[in-house]
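A.B. asks: coords please:
(one chain, ligands or ions: 1)
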Amino acid sequence: MLNTPRAAKAVPSLIKWTGSKRFQAAGIAALIPPYRRYFEPFLGGGGLLYLTAAPGSVAGDLYGPLIGLWKLIQSDPARVAEDYHRKWNALKKELGDLHASKIRWGEGIPGFFYSVRSAFNETKGPLELNFILRTCVNGIVRFNHQGDFNNSFHLSRPGMEPSRFKAIVTAWSATIQGVKFVCRDYQRTVASAGKDDFVYFDPPYAGNRQRYIENLDLPRFFATLEDLNKRKVKWALSFDGRRGGADLTHAVPERLFKRHLFLRNGNSAVNKVLNGPVENVDESLYLNY
Ligand SMILES: C[S@@+](CC[C@H](N)C(=O)[O-])C[C@H]1O[C@@H](n2cnc3c(N)ncnc32)[C@H](O)[C@@H]1O
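C.D. replies: Numbers count the residues shown, from 1 in each chain. This next block holds a predicted model:
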């Protein structure tokens with residue numbers, strides 16, 4: 001039996017991840033033909049997976065702690081929600097105390113956020129990852145050269161209210177039952193994709209070394225697309241687009257795709273922080289069908 005993407009007004013914010021496709025998900029899903037299995041080999045926060053997950057789907061990422069978090073959301077959503085609630089209460093209490101004592105903000109404050117961040121860098125625990133992603137500056141995933149998470153606390157935002165987060169984790173967990181989460185390179189994730197399957201690629205942008213653990217090797221990536229074309233596997237690829245007037249598109253070889261569309265991404269949090277003034281970003285979507 002073939003599957004089609006589910007219709008939903010919005011994708012609830014589960015895992016905050018740089019480059020999230022949450023706001024483009026409905027537009028991309030509308031272009032996906034019926035499929036047997038859905039493959040998402042650069043999963044990140046899985047913006048599209050909420051609409052496309054079906055039994056037998058395969059979702060992968062090279063970053064192990066992230067896959068650990070996905071597996072826990074799938075198997076034990078109550079634990080994820082309860083842990084977040086406990087941590088959120090502790091943070092809120094500290095913020096209240098700091099406010100009352102008029103302590104000046106500075107390095108390492110609030111201590112609770114930074115203690116969870118240190119614990120994550122020590123253990124790579126999924127619950128710690130979840131909490132720091134929800135409370136760090138603009139939810140931006142950033143690592144130092146040692147591979148430690150180093151984004152700071154978001155001063156003006158204490159994180160999503162726990163009851164709302166619980167409802168989101170519960171809904172997501174139900175949706176992703178039957179999905180296989182794997183920690184592996186994208187090439188291995190799509191190795192078993194066949195003629196009736198569909199693959200959505202959302203690789204890290206070339207040159208974004210600071211924000212992603214791996215830089216994309218374009219020749220190897222294009223060879224993977226070529227191989228899928230030979231195997232008659234349908235795919236969609238999100239790639240750099242246009243910001244303001246500048247064209248940031250990569251030269252995806254024309255022989256590899258049939259259609260090239262632009263999707264409006266709105267104002268990106270990454271641009272806001274790293275590149276000064278906010279501009280509209282159009283993201284490229286390439287389709288091989
Ligand atoms: C642009 S993000 C995906 C964002 C996702 N679509 C979302 O909505 O949140 C790219 C992801 O690819 C992962 N990645 C980088 N190199 C990889 C590789 N060689 N194989 C698999 N995943 C990789 C990164 O860890 C990151 O999570």
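A.B. asks: Skipping adjacent residues, who's closest to Arg184 in space?
C.D. replies: Gly60 (5.3 Å; Cβ to Cβ, 6 or more residues apart in numbering). (C-beta placed from N, C-alpha, C; glycine too.)
A.B. asks: ok, the helix or strand where that neighbour lies: who's next to it in the sheet?
C.D. replies: Secondary structure from DSSP states H and E places Gly60 in strand 58-61. Each strand paired with strand 58-61, and its direction, by DSSP bridges: strand 38-40 (parallel), strand 180-183 (parallel).
A.B. asks: Specify the beta-bridge partners of the residue nearest to Arg184.
C.D. replies: Per DSSP bridges, the residues bridged to Gly60 are Val182.
A.B. asks: Contact partners for it?
C.D. replies: Taking Cβ atoms under 8 Å, 6 or more residues apart in numbering, we find Gly60 in contact with Glu40, Pro41, Phe42, Leu43, Ile67, Phe181, Val182, Cys183, Arg184, Tyr186, Arg188, Thr189.
A.B. asks: Buried subset of those as a ChimeraX selection?
C.D. replies: Selecting only the buried members of the contacts of Gly60 in ChimeraX, with burial defined as 16 or more other Cβ atoms under 10 Å, works like this:
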select :40,41,42,43,67,181,182,183,186,189
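A.B. asks: near the ligand, from the contacts of Gly60?
C.D. replies: Filtering these for proximity to the ligand by Cβ under 6 Å from any ligand atom leaves Pro41, Phe42, Tyr186.
A.B. asks: Next one: the second one from Leu14, what distance?
C.D. replies: To tie it back to what came earlier, the one meant is Phe42. Using Cβ to Cβ, to the nearest Å, one obtains 17 Å as the distance from Phe42 to Leu14.
A.B. asks: hang on, the earlier thing: kindly present the ones next to the ligand among the contacts of Gly60 as JSON lines, with separate columns for secondary structure, distance to Phe222 and pLDDT.
C.D. replies: Conversion of the ones next to the ligand among the contacts of Gly60 to JSON lines gives the following (DSSP: H, G, I helix; E, B strand; the rest coil; distance: Cβ to Cβ, whole Å; pLDDT from 0 to 100):
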{"residue": "Pro41", "secondary structure": "coil", "distance to Phe222": "15", "pLDDT": "98"}
{"residue": "Phe42", "secondary structure": "coil", "distance to Phe222": "15", "pLDDT": "96"}
{"residue": "Tyr186", "secondary structure": "helix", "distance to Phe222": "12", "pLDDT": "97"}
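A.B. asks: right, and out of the residues you listed, which lies closest to Arg104?
C.D. replies: For those, the minimum distance to Arg104 (Cβ to Cβ) is 41.3 Å, reached by Phe42.
A.B. asks: List, one by one, the residues from this protein near the ligand.
C.D. replies: By Cβ under 6 Å from any ligand atom, the residues of the chain that approach the ligand are 17, 19-21, 41-42, 44-47, 60-63, 185-186, 202-204, 212-214.
A.B. asks: List only buried entries from these.
C.D. replies: For those, a neighbour count by 16+ other Cβ under 10 Å gives the buried set as 17, 19-21, 41-42, 44-47, 60-63, 185-186, 202-204, 212.
A.B. asks: Can you pick out the ones from those residues that are in strands?
C.D. replies: Taking DSSP state E, the ones among those that sit in strands are Gly60, Asp61.
A.B. asks: Where helices are concerned, which of the buried ones among the residues of the chain next to the ligand count?
C.D. replies: Cross-referencing those with the helices (criterion: DSSP state H) gives Tyr186 as the overlap.
A.B. asks: mind listing the helices for the stretch 51-200 of the chain?
C.D. replies: 64-75, 77-100, 111-123, 126-135, 162-175, 186-189 (DSSP state H, counting those that start in this stretch).
A.B. asks: between these, which one is nearest to Ala8?
C.D. replies: Minimum separation from Ala8 across these (Cβ to Cβ) falls at helix 162-175, 9.4 Å.
A.B. asks: Let me see the mean pLDDT of that closest one.
C.D. replies: In this model, helix 162-175 has a mean pLDDT of 98.
A.B. asks: Same check on stretch 119-132?
C.D. replies: Model confidence over stretch 119-132, given as mean pLDDT, is 97.
A.B. asks: how far does it stretch from start to finish?
C.D. replies: Using Cα to Cα, to the nearest Å, one end of stretch 119-132 lies 10 Å from the other.
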